[in-house]
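[1] coords below, sequence missing:
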């Protein structure tokens, strides 16, 4: 299988989400959140981006497992065909 973009993009979103969530947690209660109706937008979007990145990384890992399992199945099928 070739290069899977879910790994670097998932890593990027996870790291960006973690950075934004830490910044949001560090600035909790700051007056700048009055403009966003009191919501800590940095913390909320940091969590959203972290979950999205984590789901991409999970799908990448699942794809690697399924790719390895199907490759084993292909090898067994080729060995059976060669024996005939």
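    Now that the structure is in, tell me what you want to look at. Computed from a prediction, not measured in an experiment: that's the story for all the values here. Numbering: from 1, shown residues only.
[2] now the helices for this protein?
    Applying DSSP state H to the chain gives helices spanning 6-26, 41-83.
[3] Please identify the buried residues of the first one?
    Within helix 6-26, the residues scored as buried using 16 or more other Cβ atoms under 10 Å are 6-7, 10, 13-14, 16-17, 20-21, 24. In this view, the C-beta of every residue, glycine as well, is placed from N, C-alpha and C.
[4] Rebuild those residues as CSV, extending it with distance to residue 58.
    Formatted as CSV, those follow (distance: Cβ to Cβ, whole Å):
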residue, distance to residue 58
6, 9
7, 11
10, 8
13, 12
14, 11
16, 17
17, 14
20, 20
21, 18
24, 23
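[5] quick check, nearest of those residues to residue 51?
    residue 17 (7.4 Å; Cβ to Cβ).
[6] Nearest residue to residue 9 in space, please, no chain neighbours.
    Residue nearest to residue 9 in three dimensions, not counting chain neighbours: residue 56, with 5.9 Å by Cβ to Cβ, 6 or more residues apart in numbering.
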